[in-house]
Structures are given as C-alpha cells and as structure tokens.
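Undergrad: would you be able to build a 3D model of this:
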Amino acid sequence: MSSQYECLKSADLYAEAFGVLAPETLLDKEVWPRKQGFFIRKALTVPADAPLQMELAQGQFGLVPTWVKSVSDAKLRSTKLAVTRYETMSTATPTRETWLQGQRCIIPMQAFLEDDWRSGKAVPTRIARVDGKPMGVAGLWEHWAKDGEAITSFTLLTVNANSHALMNRYGQNGNEKRMPAILNEGAWGAWLSAPIDKAREFMRAYPANLLLANPVQKK
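TA: From the prediction side, this is the model:
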C-alpha cells in the first residue's frame with residue numbers, strides 16, 4: 001500500500017478528535033517516509049499504574065530500530081519501515097522489541113493516498129472518511145539514540161484488504177491488497193493501553209461504507 005498521507009488540516013482537530021493538546025505549529029500537509037509527522041502515545045511522564053493519559057508527539061515517518069548503528073543506516077532503513085504488516089509486527093526483527101514493549105501509537109490523518117491501477121496506469125486517489133472527520137491509524141513508535149544523535153520515529157500498521165469492498169481496487173494487480181489499520185472512534189485509549197495479548201483484536205479492516213475515494217486532481 002501507499003506510504004503517503006495527509007496530516008490534520010487544523011491544529012484544533014488534534015484536541016477535538018483525540019483529546020490531546022493541540023500542536024503550537026502545524027507540519028507540512030503531506031507526509032511520506034523520512035518526513036516529520038505527529039503521533040499520539042501514552043504520556044511518558046505518567047506512572048505505569050496511573051490512569052491513561054495521552055500525549056501528542058512528533059517524529060520521523062519510518063521506524064528506526066534501536067539496534068541501528070548509525071544515522072546513515074537509519075535513513076536507509078526508515079524508508080522501508082514506514083508501513084508494517086500487523087501479521088509480522090511481533091516477529092519481524094525491526095519491530096519485535098517495539099511491539100513487546102507496548103510502544104503503540106495512533107497516527108492522526110485526514111486522508112491517505114493509494115494508486116488505482118485498474119486503467120493500467122497509476123491514478124493517485126485520496127481516501128478519507130465519508131463524514132470528513134480525522135482518522136486514527138494504529139502504529140508503533142520508537143526512540144533511537146547513539147553518539148549524540150537521536151531520532152524519534154513511527155510506523156503505521158496495515159491489515160489485509162483482499163476482500164474489502166473499496167480497498168481491493170488499489171495496489172498493483174497480483175499483489176496482496178493492504179490498508180491502514182484504522183481504529184474505531186472511542187478506541188484510542190483502549191488500543192494504547194490494552195494488554196499485549198488483546199491488542200491484536202484492534203487489527204480489523206475499516207468498513208468500506210465509511211470511506212470515500214476520489215482521484216487526486218492534478219494542478
């Protein structure tokens with residue numbers, strides 16, 4: 001699937017939709033691997049046994065595992081780790097420890113982009129909620145530090161969409177169809193705080209009737 005999406009269109013939406021403090025400044029509208037984006041995680045300064053508090057954080061789109069040895073290696077790996085299959089998140093070397101440590105996050109987005117290949121050519125298509133509200137996509141976050149350099153990063157999780165009424169149209173023919181693991185409204189806190197053996201239950205395809213797809217108009 002595509003690894004490009006749109007940030008929320010206004011700072012106030014972060015507070016309205018997710019209940020976190022709005023950012024002082026917005027980032028670029030479109031996010032792709034190695035660009036900066038916002039994500040929501042459990043607040044780091046709150047004791048583990050305290051009620052859940054969420055915080056908005058900023059990081060690079062494209063996970064950098066803690067065992068990466070240099071910034072140059074981080075840059076090479078991160079482009080391949082912007083998107084992670086949920087089926088392998090607990091076993092794949094780049095994400096296994098991050099998953100086991102419960103470093104889950106929510107990636108707020110207004111829409112994501114996919115290529116429609118049904119005509120034989122790639123037609124960029126914007127996919128958003130029918131009601132225009134923000135989406136919260138399940139993800140994992142990590143913090144890498146070495147030799148005075150530090151990178152906070154995140155990856156979005158995807159689920160199979162072969163039988164999805166909308167998303168099975170996208171991606172190249174012959175390839176498995178994938179889509180972001182869009183969380184239901186009201187599930188933000190549950191996804192971040194669920195025991196690890198329950199967290200996989202959130203990995204479901206979002207209903208097709210709640211999504212709207214429109215070809216991107218070229219300027």
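Undergrad: under the pLDDT cut-off, which ranges of the chain? List them.
TA: Residue ranges of the chain with pLDDT under 70: 1, 218-219.
Undergrad: need the residue closest to the centroid of the protein.
TA: Among the residues of the chain, the one closest to the centroid is Leu156, at 2.9 Å (Cα atoms, centre = their mean).
Undergrad: contacting residues for that one?
TA: Contact analysis of Leu156 by Cβ atoms under 8 Å, 6 or more residues apart in numbering lists Ser3, Tyr5, Ala82, Val83, Thr84, Ile107, Val137, Ala138, Gly139, Pro180, Ala181. Placement of C-beta: from N, CA and C, glycine included.
Undergrad: that one sits in which helix or strand?
TA: In this assignment (DSSP states H and E), Leu156 forms part of strand 149-160.
Undergrad: just checking: what are the partner strands of that strand?
TA: In the sheet, strand 149-160 lines up against strand 54-61 (parallel), strand 83-85 (parallel), strand 135-146 (antiparallel), strand 178-180 (antiparallel) (DSSP bridges).
Undergrad: apart from its neighbours in sequence, what residue is nearest the residue nearest to the centre of the chain?
TA: Gly139 (4.6 Å; Cβ to Cβ, 6 or more residues apart in numbering).
Undergrad: what number of residues are in the vicinity of the one you found?
TA: Neighbour count for Gly139, taken as other Cβ atoms under 10 Å: 28.
Undergrad: so what does Phe112 have for phi and psi?
TA: According to degrees, to the nearest 10, the main-chain angles of Phe112 amount to phi -130, psi 160.
Undergrad: in the sheet, which residues pair with the spatially closest residue to it that is not a sequence neighbour? Tell me.
TA: Leaving out its chain neighbours, the residue that sits closest to Phe112 by Cβ to Cβ, 6+ apart is Tyr5, at 4.1 Å. As for beta bridges, Tyr5 partners with Val31, Phe112 under DSSP bridges.
Undergrad: residue contacts, Ala161?
TA: Neighbouring residues of Ala161 by Cβ under 8 Å, 6+ apart: Met1, Met167, Asn168, Lys177, Arg178, Met179, Ala205.
Undergrad: equivalent analysis for Phe18, please.
TA: Going by Cβ under 8 Å, 6+ apart, Phe18 touches Ile40, Met54, Leu56, Ile106, Pro108, Pro134, Gly136, Trp188.
Undergrad: bridged to the first one, which residues?
TA: With DSSP bridges applied, Ile40 shows beta-bridge pairing to Leu56, Ile106.
Undergrad: quickly note the distance from it to Ala50.
TA: 17 Å (Cβ to Cβ, to the nearest Å).
Undergrad: of these two, who's got more company?
TA: Ile40 (26 against 10).
Undergrad: wait, the more buried one sits on Leu56?
TA: Yes. Counting by Cβ atoms under 8 Å, Leu56 is a contact partner of Ile40 at 5.7 Å.
Undergrad: what touches both of these two?
TA: Both Ile40 and Leu56 are contacted by Phe18, Val20, under the criterion Cβ under 8 Å, 6+ apart.
Undergrad: specify the local secondary structure of Trp191.
TA: When classified by DSSP: H, G, I helix; E, B strand; the rest coil, Trp191 comes out as helix.
Undergrad: what about it, neighbour count?
TA: By other Cβ under 10 Å, 22 other residues sit near Trp191.
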